[in-house]
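Q: here's a sequence, model it:
(one chain, ligands or ions: 1)
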Amino acid sequence: MTTDHQELGELARKHLWLHMAPQNGDTMTIIDKGDGCYVWDTEGNRYLDGLSGLFTVNAGHGRPEIAKAAGEQATDLGYFPIWGNAHPPAIKLAARLAKLAPPNLNRVFFTTGGSEAVDTAWKLARNYFKLVGQPQRTKIVSRQHSYHGTTFGALSITGIPAIRQPFEPLVPGALHAQAAYPYRCAFCDSACNLQCANDIERVIEAEGAETIAAVILEPVQNTGGSLVPPEGYFDRVRKICDDHGILLISDEVICAFGRVGSWFGAQRFGYEADLLTFAKGVTSGYAPLGGVLISDRVAKPFLDSDNTFFHGLTFGGHPVSCAVALANLDVMERENLPARVKSYESEFRAALEGLKDIPIVGDIRGIGYFYSIELVRDRVTRERLTEQECKEVLKGFVGPRLLELGLLCRADDRAEPVVVLAPPLVAGPEQFAEMASALRVALTEAAAKIG
Ligand SMILES: Cc1ncc(COP(=O)(O)O)c(C=O)c1O
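A: As a prediction, the model looks like this:
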């Protein structure tokens, strides 16, 4: 086992380019088995997967019926494109997603992942406005620090300076408004005036509303730490979009498929999207797939004419991935996972709130199985950690210490310094207690370091 592990480590260091990570790191966890909420590394150590891989393994690891569906589909038809033709898994999945989604979203464009879904949504919005006689509407508004992916379109929409800068200049026309961040909002503690939502309108008006095609936002913004907008936010954003004739894109690459306690985030928060992007949880990660759910409004000018949407991907709507997604949805429906999340979310929150006595635990926020703990120098004054403390304590200590304690999660300082937790939707009180106990050890030791 150890030799195997060492050899794999050597091969990885020589040949494997790790995503979003320095290439000169000398430690790496190599995971080779998963079951339910747990994964094992090649040395036999067990970890609680507190991030569902990457917000992805919603149904949990090691589901034989999903694996079986992949094998059977590969045997029947391993590949066929949906460029003008179709195959049963893509048709059945599109119909099933339309049934689960809000009533106005009835068509699906399949991609292989989330970035492509976001690019597709922006292109659809631009193409739609060309067809309805408003070709000047090309721009898109997202929120500061939001993550929407890494392909050029999605990266341009992404609002995280550090990951944009190495690739600039990016696609023109992507603008950024304030994020919804109640913990440090000057108004939220007294009287929320939805200033964060109004900032979207400020950006639209400053740029010229007639040039804006879409606003894109996550129901709960990941970067910054599970940012749940204040009451009334989505109604206000929807109204801003309607007042200015702009499309609203709900980027649900993380929030769909039960993560926030409903099939789609827009349902939990009660707003209507014109386009809705998804990926990750649609297959629980057993095969790559993403897509865009398209409203009747956006589909109409394409359906009323012989106009082609000149966009396609060889592997978009891959039959094996669609068969996997159907099997995954069977599991999620049978075990009622979105409802399970909703029924357990207050227990999950309570387990994390038990950590509030640790002096560096500032805010605990989130919804469903999507929570973050913001670390501060001082809970009472909400004084921020310094850049050095983020680097040394959050990234350099808390992350690795939690791994040592058997908890995989994310120590993230791309915006506010947070520990992000998003376990598989099959997690329950036993896993909440396990997460809280590892966090208590790591955060108490981190607090001592900050002093
Ligand atoms: C909200 C959101 N949009 C888009 C993406 C990009 O998805 P992918 O990594 O599948 O390209 C992500 C990835 O985490 C995401 O969280």
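
Q: how about the helices of the stretch 101-250 of the chain, start to end?
A: Per DSSP state H, counting those that start in this stretch, the stretch 101-250 of the chain carries helices over the ranges 114-131, 152-157, 161-164, 195-207, 233-243.

Q: could you export the first one as PDB, CA atoms only?
A: The C-alpha trace of helix 114-131 is given here as PDB (Å, rounded to 0.1, in the frame of the first residue of the first chain):
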ATOM      1  CA  GLY A 114     -20.400  24.500 -15.200                       C
ATOM      2  CA  SER A 115     -18.100  26.900 -17.000                       C
ATOM      3  CA  GLU A 116     -19.400  25.800 -20.400                       C
ATOM      4  CA  ALA A 117     -23.000  26.200 -19.000                       C
ATOM      5  CA  VAL A 118     -22.200  29.800 -18.000                       C
ATOM      6  CA  ASP A 119     -20.600  30.600 -21.300                       C
ATOM      7  CA  THR A 120     -23.600  29.100 -23.000                       C
ATOM      8  CA  ALA A 121     -26.000  31.200 -21.000                       C
ATOM      9  CA  TRP A 122     -24.200  34.400 -21.900                       C
ATOM     10  CA  LYS A 123     -24.200  33.400 -25.600                       C
ATOM     11  CA  LEU A 124     -27.900  32.500 -25.400                       C
ATOM     12  CA  ALA A 125     -28.700  35.900 -23.900                       C
ATOM     13  CA  ARG A 126     -26.700  37.700 -26.600                       C
ATOM     14  CA  ASN A 127     -28.200  35.600 -29.400                       C
ATOM     15  CA  TYR A 128     -31.800  36.100 -28.000                       C
ATOM     16  CA  PHE A 129     -31.400  39.900 -28.000                       C
ATOM     17  CA  LYS A 130     -30.100  39.800 -31.600                       C
ATOM     18  CA  LEU A 131     -33.200  37.900 -32.600                       C
END
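
Q: does the ligand sit close to it?
A: Yes: with C-beta under 6 Å from any ligand atom as the criterion, the ligand is reached by helix 114-131 at 114-115, 118. (Each C-beta comes from the backbone N, C-alpha and C, glycine too.)

Q: to Glu392, which of the helices of the stretch 101-250 of the chain lies closest?
A: Among the helices of the stretch 101-250 of the chain, helix 161-164 comes nearest to Glu392, with 17.6 Å by C-beta to C-beta.

Q: what mean pLDDT does the closest one have?
A: The average pLDDT within helix 161-164 is 96.

Q: equivalent analysis for stretch 392-404, please.
A: Mean pLDDT, stretch 392-404: 94.

Q: and it, how far apart are its ends?
A: Terminal residues of stretch 392-404 lie 17 Å apart, using C-alpha to C-alpha, to the nearest Å.

Q: what residues does the stretch 101-250 of the chain put near the ligand?
A: With the criterion set to C-beta under 6 Å from any ligand atom, the stretch 101-250 of the chain comes near the ligand through 113-115, 118, 147-149, 218, 222.

Q: mean neighbour count added to the helices of the stretch 101-250 of the chain, as TSV?
A: Output for the helices of the stretch 101-250 of the chain, formatted as TSV (neighbours: other C-beta atoms under 10 Å):
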stretch	mean neighbour count
helix 114-131	24
helix 152-157	24
helix 161-164	13
helix 195-207	18
helix 233-243	18
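
Q: domain parsing for this protein?
A: Using automatic domain parsing, the domains assigned to the chain come out as 2-59+336-450, 65-334.

Q: pick the most buried one from the ones you listed.
A: Counting by mean count of other C-beta atoms under 10 Å, domain 65-334 has the highest mean neighbour count of the domains of the chain, with a mean of 20.

Q: quick one: contacts for the residue of the stretch 51-200 of the chain found nearest the ligand?
A: Closest to the ligand within the stretch 51-200 of the chain is Gly114: 2.2 Å, counting by C-beta to the nearest ligand atom. Going by C-beta atoms under 8 Å, 6 or more residues apart in numbering, Gly114 touches 148-149, 154, 251, 253, 277-280, 290.

Q: so where is the stretch 1-150 of the chain shaky, pLDDT-wise?
A: Applying pLDDT under 70 to the stretch 1-150 of the chain picks out residues 1-3.

Q: mind naming the longest helix for the protein?
A: Secondary structure of the chain per DSSP state H: the longest helix is helix 429-450.

Q: how about the strands in the stretch 351-451 of the chain?
A: 361-367, 370-375, 407-408, 410-412, 418-421 (DSSP state E, counting those that start in this stretch).

Q: what's the closest of these to Cys192?
A: With C-beta to C-beta as the measure, strand 361-367 is the member of those nearest Cys192 (15.0 Å).

Q: need the CA coordinates for the closest one. PDB is fine.
A: The C-alpha coordinates for strand 361-367 follow below in PDB (Å, rounded to 0.1, in the frame of the first residue of the first chain):
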ATOM      1  CA  VAL A 361     -15.300  32.300  15.000                       C
ATOM      2  CA  GLY A 362     -17.000  35.400  13.600                       C
ATOM      3  CA  ASP A 363     -20.000  34.500  11.500                       C
ATOM      4  CA  ILE A 364     -21.700  31.200  10.800                       C
ATOM      5  CA  ARG A 365     -23.900  31.500   7.700                       C
ATOM      6  CA  GLY A 366     -25.500  29.500   5.000                       C
ATOM      7  CA  ILE A 367     -28.600  27.400   4.200                       C
END
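
Q: going forward, begin numbering at 674 instead of 1
A: With the count now opening at 674, the last piece we talked about shows up as strand 1034-1040.

Q: how far is that strand from where the chain is centred?
A: 18 Å (C-alpha atoms, centre = their mean, to the nearest Å).

Q: before we move on, what about stretch 1114-1123?
A: Distance, centroid of stretch 1114-1123 to centroid of chain: 28 Å (C-alpha atoms, centre = their mean).

Q: between the helices of the stretch 774-923 of the chain, which gets nearest to Ala847?
A: Nearest to Ala847, of all the helices of the stretch 774-923 of the chain, is helix 825-830, at 4.1 Å by C-beta to C-beta.

Q: for the closest one, which outside residues touch it?
A: Taking C-beta under 8 Å, 6+ apart as the rule, helix 825-830 contacts 787-789, 791-792, 795-796, 813, 815, 819, 821-822, 836-837, 840, 843-847, 889.

Q: can you do 10 Å?
A: Residues from elsewhere that reach helix 825-830 (C-beta atoms under 10 Å, 6 or more residues apart in numbering): 786-796, 813-816, 819-822, 824, 836-837, 840-849, 887, 889, 922, 924, 926, 950.

Q: convert the C-alpha atoms of the helix or strand hosting Ala740 to PDB, please.
A: Element membership for Ala740, per DSSP states H and E: helix 737-749. Extracted as PDB, the C-alpha positions of helix 737-749 are listed here (Å, rounded to 0.1, in the frame of the first residue of the first chain):
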ATOM      1  CA  PRO A 737     -23.600   0.800  -7.300                       C
ATOM      2  CA  GLU A 738     -26.900   1.700  -9.100                       C
ATOM      3  CA  ILE A 739     -25.300   4.800 -10.600                       C
ATOM      4  CA  ALA A 740     -22.200   2.900 -11.700                       C
ATOM      5  CA  LYS A 741     -24.400   0.200 -13.200                       C
ATOM      6  CA  ALA A 742     -26.400   2.700 -15.200                       C
ATOM      7  CA  ALA A 743     -23.100   4.000 -16.700                       C
ATOM      8  CA  GLY A 744     -21.900   0.600 -17.600                       C
ATOM      9  CA  GLU A 745     -25.300  -0.400 -19.200                       C
ATOM     10  CA  GLN A 746     -25.500   2.800 -21.200                       C
ATOM     11  CA  ALA A 747     -21.900   2.500 -22.400                       C
ATOM     12  CA  THR A 748     -22.700  -1.100 -23.600                       C
ATOM     13  CA  ASP A 749     -25.900   0.000 -25.400                       C
END
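
Q: fine by me, thanks again.
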